[in-house]
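S.K.: Fold the stuff below for me.
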Amino acid sequence: MLKEVQEVKVGGRTRRVHVRPFAWSSRVPLALLVVLSGLFAGCGRGAATATPSQSPDQSAAWMELAPGIRYREGEGRVSLDIAPPLLSEESVRKFAEYAQGRMAQATSEEKAFWEEQLRFVKEQQALWSDEELVVSVLERAFLERIPLPLKEPQRQELRAKLGEIVGQMKRYGPENLPGGGDFQGLPPKLKTSDGGMVVGLDTFPLLVQHLGPQSLFPSCSLAASAMPTTASPGAKAYAFASCSTGSIIWGQVETRTSAKAANDWPPPCYDSGWPTSQCMSVAYGSTGCYSSAWAGYYYQWTDLRIYSSRRSSSNSRCF
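M.R.: Below is the predicted model:
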């Protein structure tokens, strides 16, 4: 009989996770069988295609500043596209020079934006440089989703595979990952008749063998746009994040926006979850306009956040 049934959210739908103790053998008296029942909707990279409407200058080409950093500029506006796994010491140096140049004649809000971006680049480059730390964060996420009582050799096998995945992330970046490793391609022994996943200590090596970058880093569509309002003077910001639900293990997406103009200072918006997140802010006035937006995908361990991708935008125009 099932001893424990929990309700969990998977890919935006509620599915049952059955954790059932059963006799294994005289050498291994107890194991856990984890059954993820139900279909995973939207499997495969490229499934997350919904994006917000673009402002006119968002069609401009991205300019590469350094490994893992692209930017796009407009009058009173700038957008950044950062892939933390690709960041290097060269990236930090070049971005610091770029940010300091922008801060030289910036308003207080713009200066705070660039200080935050520079801090983010430095922190993420340091985190991804410590591959053992990234592996530990991913291992924790894996064992939270699939709580099998692994012995040390099995954990080392898992960590070795996760180390390979981290290496591929740093080599290819989140947008150019090799195929395979997602839920749709699971071996038949790991699938249930209703389209779910089943894994125990006997099939754990098969699961580890199947793992790839797309097992933990799904295809995500991120958008962050800050711009002036159109109907009347002011500033607005929009952030959107949506990921495909074909990964076996997943983190979280987040969005954040803020806007101010004259005496109109609405509270900022922040949202995080899985597999989508959305925020919007707007303020009206003809002076003192500023807006900003942020969207990203990350794994968290205590107070550490390991991002694989992030976009941000800043605007200081009212018209």
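S.K.: in the stretch 151-300 of the chain, which spans are helices?
M.R.: Counting by DSSP state H, counting those that start in this stretch, the stretch 151-300 of the chain has helices at residues 152-172, 204-210, 213-216.
S.K.: Check those for me and report the most buried one.
M.R.: Highest mean neighbour count among the helices of the stretch 151-300 of the chain (mean count of other CB atoms under 10 Å): helix 213-216, with a mean of 26. (Each C-beta comes from the backbone N, C-alpha and C, glycine too.)
S.K.: Show me what the mean pLDDT comes to for that helix.
M.R.: Computed over helix 213-216, the mean pLDDT rounds to 95.
S.K.: what packs against that helix?
M.R.: Packed against helix 213-216, as judged by 3 or more CB pairs under 8 Å, 6 or more residues apart in numbering; DSSP states H and E, are the following elements: helix 131-145, helix 152-172.
S.K.: Any chance of a markdown table for those, columns distance to Ser277 and mean pLDDT?
M.R.: Shown next, in a markdown table, are these (distance: least, CB to CB, whole Å; pLDDT from 0 to 100):
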| stretch | distance to Ser277 | mean pLDDT |
| --- | --- | --- |
| helix 131-145 | 18 | 97 |
| helix 152-172 | 21 | 97 |
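S.K.: Relative to Gln125, which of those helices is closest?
M.R.: Closest to Gln125 of these, according to CB to CB: helix 152-172, at 10.9 Å.
S.K.: ok, back up a step: relative to Arg93, which of the helices and strands packed on helix 213-216 is closest?
M.R.: Arg93 sits nearest to helix 152-172 of all these, at 18.1 Å, using CB to CB.
S.K.: Would you mind pulling the contact partners of that closest one?
M.R.: Under the contact criterion CB atoms under 8 Å, 6 or more residues apart in numbering, helix 152-172 has outside partners 85-86, 128, 131, 134-135, 138-139, 142, 150, 177-178, 201, 204-205, 208-209, 211-213, 215-217, 308.
S.K.: Stretch 175-186 now?
M.R.: With CB under 8 Å, 6+ apart, stretch 175-186 has contacts from 40, 43-45, 83, 168-169, 172, 197, 210-215, 217-218, 246-248, 309.
S.K.: Disregarding flanking residues, what is the spatial nearest neighbour of Thr229?
M.R.: Setting aside the residues directly before and after it, Thr229 is nearest to Lys236 in space (CB to CB, 6 or more residues apart in numbering), at 5.2 Å.
S.K.: Contact partners for Phe204?
M.R.: Counting by CB under 8 Å, 6+ apart, Phe204 has contacts 148, 150, 154.
S.K.: related to what we said a few turns ago, TSV for the helices of the stretch 151-300 of the chain, including distance to Ala261?
M.R.: Formatted as TSV, the helices of the stretch 151-300 of the chain follow (distance: least, CB to CB, whole Å):
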stretch	distance to Ala261
helix 152-172	40
helix 204-210	52
helix 213-216	41
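S.K.: returning to that earlier point: ok, which of the helices and strands packed on helix 213-216 comes nearest Asp271?
M.R.: Across the helices and strands packed on helix 213-216, closest to Asp271 is helix 131-145 (CB to CB), at 20.4 Å.
S.K.: Which positions within the closest one qualify as buried?
M.R.: 133-139, 141-142 (16 or more other CB atoms under 10 Å).
S.K.: With only the CA atoms kept, save that helix in CSV.
M.R.: Written as CSV, here are the backbone C-alpha positions of helix 131-145 (Å, rounded to 0.1, in the frame of the first residue of the first chain):
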residue,chain,number,x,y,z
GLU,A,131,32.1,24.3,-10.4
GLU,A,132,31.9,22.1,-7.3
LEU,A,133,29.6,24.7,-5.7
VAL,A,134,27.3,24.7,-8.8
VAL,A,135,27.3,20.9,-8.7
SER,A,136,26.3,20.9,-5.1
VAL,A,137,23.4,23.3,-5.8
LEU,A,138,22.1,21.1,-8.7
GLU,A,139,22.6,17.9,-6.6
ARG,A,140,20.4,19.4,-3.8
ALA,A,141,17.7,20.3,-6.4
PHE,A,142,17.9,16.8,-7.9
LEU,A,143,17.5,15.0,-4.5
GLU,A,144,14.6,17.3,-3.5
ARG,A,145,12.7,16.2,-6.6
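S.K.: now what about stretch 123-140, what contacts it?
M.R.: Contacts of stretch 123-140 (CB under 8 Å, 6+ apart): 82, 84-85, 87-89, 91-92, 155, 158-159, 162-163, 165-167, 170, 216, 249, 299-301, 304, 306-307.
S.K.: And it, how far out from the chain middle?
M.R.: Chain-centre distance of stretch 123-140: 14 Å, with CA atoms, centre = their mean, to the nearest Å.
S.K.: same thing with stretch 146-165?
M.R.: On CA atoms, centre = their mean, the centre of stretch 146-165 falls 22 Å from that of its chain.
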